[in-house]
Each structure stands twice: as C-alpha cells, then as structure tokens.
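[1] pasting the sequence and the predicted coordinates here, then a few questions.
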2 protein chains.
Amino acid sequence: MVTDQRARGGRRRATLADVAREAGVSASTASLAVNSSGPVSAATRERVLAAARRLGYLGPDPLARSLRRGRSGVVAVVVSERLGYAFSDPMMATLLDGLAEEIGAAGGSLLLVPVHRSSGGTDGTGGNGGGGTGLGGLAMDAAVLLDCGVRAADLLPGLLARGVTVVTIDGPLDLGVPNVGIDDEGGTRALVEHLAGLGHHDVGVVTLPLGAPVDDGTAPGVPRRRTAAARAALVALTGHPGRFVTADRNTVEEGERAAGALLDAPVPPTALVAQSDVLALGCLRAASARGLDVPGDVSVAGFDGVDLHLLEGTRLTTVEQPTARKGQVAAQLVLAALAGDRPDDVRLPITLRIGTTTGPSPER
Amino acid sequence: MVTDQRARGGRRRATLADVAREAGVSASTASLAVNSSGPVSAATRERVLAAARRLGYLGPDPLARSLRRGRSGVVAVVVSERLGYAFSDPMMATLLDGLAEEIGAAGGSLLLVPVHRSSGGTDGTGGNGGGGTGLGGLAMDAAVLLDCGVRAADLLPGLLARGVTVVTIDGPLDLGVPNVGIDDEGGTRALVEHLAGLGHHDVGVVTLPLGAPVDDGTAPGVPRRRTAAARAALVALTGHPGRFVTADRNTVEEGERAAGALLDAPVPPTALVAQSDVLALGCLRAASARGLDVPGDVSVAGFDGVDLHLLEGTRLTTVEQPTARKGQVAAQLVLAALAGDRPDDVRLPITLRIGTTTGPSPER
DNA sequence: TTGTAGGCGTTATCAA
DNA sequence: TTGATAACGCCTACAA
C-alpha cells in the first residue's frame, strides 16, 4: 500500500499503444476498435482485435480510463467506525444489497469506507502528509452517507468541494443533498399509540446511540428524531413522559444492558420501546433473564422490521420499513445526480406490524 | 456511470500545476512540498502551502496519483452473488471487519465486488463492449477471494494476468496463491467424535451449498471438505454413513427446511450436524416446530462459533473459529504479497465448544 | 535546493 | 474512416 514499484516481475502488460503498433494503426483507432465506440471499418477492427489477442491485451486500464474520463465508477458507502458494527446490523446488509444491485447494474462498484471519528475533516488543504486514507485520497464519483453513527455533516463540505456527488440515507434533511428516509416520527407515534391503546402508562424507551448533541443548526439524526417523537407522543397519550435509556451501540448486548437498567428499577415500566429490532431483541433477552413473561409482564416493541429469527413462534411488534428499497432508491438518487439531475428527497412508506410481544398492560 | 462530461458547473478544481504557478515554483517542487516527500526549503514549502490554501487545492487527485504510481490502494473483496446473502452470514461481517481494519491501517480501502455467476470470465481480450463491470474494469491492487459460493478458480487466471495480487480465504488450496483457512476436516471430526461419544449412531448432516461438482482437478471447497470428513468420521465412529441434506443457501430458512426433511423421516436421526451455525439455528427451529426437545429428542451441532443470540440460555455446540483473525491474516497476506513477499498459507486454530444443544442419544 | 523533461495509458477533438 | 495531437493530474529521474 506504500511501495510503488511498477516494474514487477516480467515485462509489463500490453497497452493499447502496443496493440495499435502491432496492428499497424494509430492509438486512437485502436481505442475505437477495442471499445467499439466509433466508426471503424470491419476489417480494421478485426485486425486490431487480432493484435490484441496476440499480445494478450486485457482491455483498457481502468485507472487511465478513469483519469481521462473524469469518472471512476466508484460509489463510496461511508459507514460508521468499524465495519463489524455496521454489519452486525441486519439492516445494513439489506440496505447495501439494494444499493449494490442498482449501482452494479449501472456499471459502478461499491467502495466500503469506515470512518473513524478522527479522520473526518477533509476540509482543509488536505495536505495530510503520509498516505492517510480518510476519504481524502479515495477516488469516487459519489458517496452515500448513512446517518447512523457518522456525523454526515462533517464530511459533506470536503466531499462537495471535491466535486463528489453526495446522497444521504436517513438524513439529516437540511444538508442540501438528496436524501432517502422514512417517517421516523410517524412510526414512533404509531408504536406509542398502539401501546397506549393497550393501557400502558409507564413506558421505557431504549434509544439508539444519540451521537453528539446538536449544537449547530443541523437537524438531528434518526435516534434524536425518534426520541423526540416518542417523548411527545408519550406525554400526549399516556400523560407520562416515559423513561429513556441510551444504548451505546446498536447491538443485542447493549439492548439487553439498557433494558436491564429499566427492568431493574424498583417499579419497572410495563412496556419497552426499542429504537431498533436489534435492541428489541436485547430487551427480550433482558426480560427472559429476569423471568419476566412477554407480553404478560412486559411488552416489547422494536423498529425496522428485520427478520430476527426468534424461536418459539414469537413475532416482534415493530415498525416495518422497506430497507432494500431504501438502498435501491439511494442508488437511483446517486445515478440521477451523477447524470446531472437534482433529484428530490424520497420518503418511503412504513407499516406498523403488530406481533406477539405486545399486549395489555398488567396494571390494568 | 456512463456519461463523462468533466465540465460540471463552475470552474474546475485547482490542480498541482495551478498551485505551482500561483506559488511561483515548478510543479515538481510543489509536489514535493505538498507531499513533504523531498528536500524543500521551509520558505518555499510555506509559499506553496499558502498558494494551495488560497486556491482551495484539495490534495493530489487520487486517480492521477494511482496511475502514476501504478497502485490504487484498492483491495477488492469478491463475494458471491448478492451482497444480501453475503451479509446475512454473520461470519462475513466479522471477517470483513478484520480485513478492513488491517487494510485501512495500511492506507488501503475495500471494494466490494459481488460476482454474478455469468460475469466471471475475465480471461479473454476483455473486449466486453459497453461498460460491463465484472472485475475486468475495476482498478485494484489485490483481490480477496472467499470460497463460499464463488468458484474462485474461475476468476483467478484473469486476475493474475492483470497483475492483481490474489489471496484466498478457505481455499481451495491448490490455486498457487496464499490462503488463510482452518482445519475443516479436524473440526468436523471432533464434532462427530463428540456425538459418537454420546451414543449417537444415526446422524443427519445439513451441508452448506456444495457448488458445482469438482470435475477439474481443483481441490474441493469448504462444504465438500466438511462433508467428506463427516462421512468418513461417521463411518469410522458410528458404523453408519449418516444422512446428508444440502441447503441451497446458508440461511436459517434453508437450514430449517433441510433439517425438516431429516426430522420428518419415518425414523429421524438422533443428532443433526449443520455445517454452519446459521444452518444450525434453522435445525433448532425445525426441532422446535415439531415439538422435539433439544437435546432430549435430538442433538444439534453447528460450525463457526458465531454469536447467535439464542434466548433461554441455550448455547450451541459448535466448532469455534477465529473469524476476525481470519480477516486480519488475509489482509496481512495481501500486504505481504503486495510488498513483494511470497507468504505461506496460514491455518488458524479451532476449538470444539460444547454447549447445551447436544446430549446423550435417546436410543441408548 | 530547485527546475526540466518525460511519461503513466487512455480517449476527445479535430483535421486529413 | 483514420491519424496526429493534446490533454487528464501527477510523480520521479536527472540535471542545474
């Protein structure tokens, strides 16, 4: 990754110039023939192709072509911190799948870029001495920013300055770039309504990591949006504000820990709302570990509509969102923007899915 | 991804030449100053840096630099078919995490390349007309091939011809490139020994997708290696060959289906060995759906040592492998090979972990 | 310590 | 239909 000798072993790969010479044509003609991207007589094309075969020419060098064309065909997906966390979230897998499908179909490819909190600032001169990576030294046509975990806003100026097309998934919304998202507030409210309707007055909320407090003018990310919506809905519908515990990461373990903190209170809440299905699974485990019946003793709800592979015919009550579609749409926004359009934000529909993990409040 | 106008909106990004002109030095001096990679007087450097700031120079263009240096810093990870499948395997997340950590630390980045069965042949002239992706048109220094699903061997010639450094994970082993793997046979044998010791004579095996039969001379992949080892060990230790069902994909659903086929036999086996923990989870669900007690009625074992987040304090009996380490080692092999070394294969240690899902055979 | 020259492999443009 | 020319933006011998 550091060394840069080109002279590897034997003789170097054949280039288009070699092919042209071998075929007795000019480089430009050879280019046209090889790419079938211009008027070339059938005879010449055949001659060039034969020469290419003879020389073992492997097609245009992607780097050179990209430099010349000003396009690399690479779409970066910026994920938070460690890839392991990113992928331990089942959503991410689905999202990336949708993204890859569309980008791949358009001839592009996906670059996975984990951003460590430090290496964000690609704003200045970028004179980062040694080959530090950090978004600065990566060739990309576009970047997809996933709200979860990364402060998208931090990276944005640097990317835009470099002429990179940017699309966000799940906001923030006021960044001035196209965004795909869902109605987080509406989904949260629906969940609270459902629980309130079951007679729950004392609801615990396990939130996703909230990230840095929003001191600048930026709109808050998913966790804060859902949190605010939950608080508002709880006050309005149950008369109580609810109790909030924040998970440090979106993992089952953290969900279990956070839920444990709530359930171990002198008077535990009668319902737990987790901001993700992964966290909700942790809630289920916390309840199970304490011998609590779900939903008899405590109701549990999630968010996302991920397939959790619960045993025993349990179905989590959750807000289902079209995650694969989200990835596809993000890709479409990228492609549209790359084509010069200025696409609008997209808000995808969600559904409240009532499962077997929520029931009447035992207080009733 | 297709259009190629460079003339976007305003005026183009400042280049190093611009900076040099602005600073009144030559381009080469500017290069040295910006990269701090040569002898430059403090005064000149300051002047150059100031000019860069003034012009909003954002650092060397990655594409141009790569072309010049002959290195892109990109390591491709070739995954099978759809990314969604790839990531639905918890192993992959961990593996990629380890890989990304090491590659990232060395200043490289990870390109995710899903390979559809068709687009494999990058051997010929590659004159694939339009911008079809398929590994051919991607700039990469190295590729990591994951056996699972993709016939690594198919891609190898093309990659090698292009001068791409290749490393495989989980074989096949006779490809002539460095490989990281584990003792699949030994692990399988240990599992069978464990079950035989518990008195099981009639064992069902749920295998991973086997892929195409090995008609050429190539060594078989993980599923076939584990399958052969299981068959041999079962014959040797139980006197019976065992019954084999193949899952079409490495998913919980497929595991459940395959296990169901075994459990619905007139005389079901007393133990199920799945070739992955994901499949094993499917086995557990199949048993649960039929009202069978595990391990009372049927024992279940897996392979991998993934955290399955089972409820109820259940711990799967499985063969634990150091998955993150596998990714790290693969990265180290890549880096070593890129540095000109010719690293040896690495075989990582595994451990039989006995959980609560295996017990004495009910036949006893 | 700085500048000059040349080229990495392609492709767009224009003229022939 | 083909060919010469000129970049794309950078880096590295080598010379001054």
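    Perfect, thanks for sending it.

[2] now for chain A, the helix or strand with the poorest mean pLDDT.
    Lowest on mean pLDDT, DSSP states H and E among the helices and strands of chain A sits helix A:83-88, with a mean of 73.

[3] show me what it packs onto, helices and strands only.
    strand A:109-115, helix B:90-105 (3 or more C-beta pairs under 8 Å, 6 or more residues apart in numbering or on different chains; DSSP states H and E). To be clear about C-beta, it is placed using only N, CA and C from the backbone, and glycine gets the same treatment.

[4] which other helices and strands does the last one contact?
    It refers to helix B:90-105. In terms of contacts (3+ C-beta pairs under 8 Å, 6+ apart), helix B:90-105 is packed against helix A:83-88, strand A:109-115, strand B:74-80, strand B:109-115, strand B:142-146, helix B:323-338.

[5] now do the shortest one
    Counting contacts by 3+ C-beta pairs under 8 Å, 6+ apart, strand A:109-115 packs against strand A:74-80, helix A:83-88, helix A:90-105, helix B:90-105, strand B:109-115.

[6] how about 6 Å then?
    Counting contacts by 3 or more C-beta pairs under 6 Å, 6 or more residues apart in numbering or on different chains; DSSP states H and E, strand A:109-115 packs against strand A:74-80, strand B:109-115.

[7] would a markdown table of those with mean neighbour count and distance to A:F87 be doable?
    Supplementary listing: the helices and strands packed on strand A:109-115 in a markdown table, determined by neighbours: other C-beta atoms under 10 Å in any protein chain shown; distance: least, C-beta to C-beta, whole Å:
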| stretch | mean neighbour count | distance to A:F87 |
| --- | --- | --- |
| strand A:74-80 | 25 | 8 |
| strand B:109-115 | 23 | 11 |
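
[8] want to throw the helices and strands packed on helix A:83-88 into JSON lines with mean pLDDT and distance to B:L49?
    Output for the helices and strands packed on helix A:83-88, formatted as JSON lines (pLDDT from 0 to 100; distance: least, C-beta to C-beta, whole Å):
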{"stretch": "strand A:109-115", "mean pLDDT": "87", "distance to B:L49": "25"}
{"stretch": "helix B:90-105", "mean pLDDT": "89", "distance to B:L49": "27"}
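
[9] turn the ones you listed into a markdown table, columns for distance to B:T238.
    As requested, the helices and strands packed on helix A:83-88 are arranged in a markdown table below (distance: least, C-beta to C-beta, whole Å):
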| stretch | distance to B:T238 |
| --- | --- |
| strand A:109-115 | 45 |
| helix B:90-105 | 28 |
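
[10] tabulate these in JSON lines, adding columns for distance to DNA strand C.
    JSON lines is the format used below for these (distance: least, C-beta to the nearest atom of the strand, whole Å):
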{"stretch": "strand A:109-115", "distance to DNA strand C": "17"}
{"stretch": "helix B:90-105", "distance to DNA strand C": "24"}
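
[11] on that earlier part again, TSV for the helices and strands packed on strand A:109-115, including distance to B:L310?
    Conversion of those to TSV gives the following (distance: least, C-beta to C-beta, whole Å):
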stretch	distance to B:L310
strand A:74-80	27
strand B:109-115	30
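
[12] closest to A:D183 out of these?
    When those are compared by C-beta to C-beta, strand A:74-80 sits nearest A:D183, at 23.0 Å.

[13] do the closest one and chain B meet at all?
    No: Strand A:74-80 lies apart from chain B when judged by C-beta under 6 Å from any C-beta of the partner chain; the minimum separation is 7.5 Å.
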